[in-house]
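Engineer: Generate a structure from the sequence data that follows.
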Amino acid sequence: MTLPDSTKLIYVMGPSGAGKDSLLGYARERVGAQVMFAHRYITRAVADGENHIALSHDEFASRLSYGLFAMHWESLGLRYGIGIELDAWLARGMPVVVNGSRQHAESALERYPQARFVHIDAAPSVLAARLARRGREDARQIEARLARRPAFELPSHARVVRIDNSGLLSEAGLQLLDILSGK
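Structural biologist: You can find the predicted model right below:
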């Protein structure tokens with residue numbers, strides 16, 4: 001198999017509530033089959049607006065033991081994986097979008113050194129409101145989540161674009177579409 005062309009990998013990340021799933025959905029509806037959107041495998045039931053495949057912890061461990069993840073990580077007691085189909089798509093020259101993790105970004109950069117990273121963020125008040133609407137955490141948990149927000153930094157050679165998604169989805173969505181089209 002040909003080695004993956006990591007220049008075609010777009011690694012999207014950002015804090016909970018930044019609107020990554022909404023932006024990815026916006027882009028996906030508009031680019032069609034020109035871009036592949038990698039599924040995330042998560043040990044959590046599917047929630048509104050989230051595009052992932054739910055796995056039990058045993059199913060996840062089994063797939064991991066067989067080497068079926070190109071990337072994987074843990075966060076807040078959940079396990080996340082990106083399937084090895086990612087490498088097959090990249091090897092065939094297809095652009096691929098991954099909904100990744102800020103904490104795993106440096107590992108992704110090591111494996112895919114030419115990847116483009118897109119950091120989606122929003123104002124703290126917007127994040128808090130979105131997290132509250134999502135309903136997975138109470139007000140105290142949301143406050144604690146926002147307070148422990150880690151600083152995000154990648155090495156200087158990483159190609160990082162930042163999108164503020166505090167306003168209209170269409171504004172941030174157009175920025176993401178520009179990135180997907182190579183602008």
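Engineer: Which residue ranges of the chain form helices?
Structural biologist: With helices called from DSSP state H, the chain shows them at 20-31, 57-65, 85-91, 105-111, 124-134, 139-147, 169-180.
Engineer: Show me the residue at the heart of the protein, geometrically.
Structural biologist: Nearest residue to the geometric centre of the chain (Cα atoms, centre = their mean): residue 99, 1.7 Å.
Engineer: re the thing from before, output the helices of the chain as TSV; include the columns distance to residue 8, mean neighbour count and mean pLDDT.
Structural biologist: In this view, the C-beta of every residue, glycine as well, is placed from N, C-alpha and C. TSV is the format used below for the helices of the chain (distance: least, Cβ to Cβ, whole Å; neighbours: other Cβ atoms under 10 Å; pLDDT from 0 to 100):
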stretch	distance to residue 8	mean neighbour count	mean pLDDT
helix 20-31	13	18	92
helix 57-65	24	13	96
helix 85-91	6	19	94
helix 105-111	14	16	92
helix 124-134	30	16	85
helix 139-147	33	13	78
helix 169-180	10	17	95
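Engineer: before we move on, back to that, just checking, the residue nearest to the centre of the chain touches residue 40?
Structural biologist: Yes - counting by Cβ atoms under 8 Å, residue 99 does reach residue 40; the two are 5.6 Å apart.
Engineer: Which neighbours do those two have in common?
Structural biologist: Common contacts of residue 99 and residue 40, defined by Cβ atoms under 8 Å, 6 or more residues apart in numbering, comprise residue 51.
Engineer: who's the residue nearest to the centre of the chain bridged to?
Structural biologist: For residue 99, the beta-bridge partners are residue 12 (DSSP bridges).
Engineer: Distance-wise, check the residue nearest to residue 69 when sequence neighbours are not counted relative to residue 20.
Structural biologist: Residue nearest to residue 69 in three dimensions, not counting chain neighbours: residue 81, with 3.9 Å by Cβ to Cβ, 6 or more residues apart in numbering. The spacing between residue 81 and residue 20, counted by Cβ to Cβ, to the nearest Å, is 17 Å.
Engineer: on that earlier part again, got the helices of the chain as TSV, with distance to residue 161 columns?
Structural biologist: Shown next, in TSV, are the helices of the chain (distance: least, Cβ to Cβ, whole Å):
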stretch	distance to residue 161
helix 20-31	12
helix 57-65	30
helix 85-91	19
helix 105-111	13
helix 124-134	19
helix 139-147	23
helix 169-180	6
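Engineer: which one of these lies closest to residue 158?
Structural biologist: Residue 158 lies closest, by Cβ to Cβ, to one member of these: helix 105-111, at 5.5 Å.
Engineer: Just list the residues touching residue 16, thanks.
Structural biologist: Shown in contact with residue 16 (Cβ under 8 Å, 6+ apart): 127, 131, 145.
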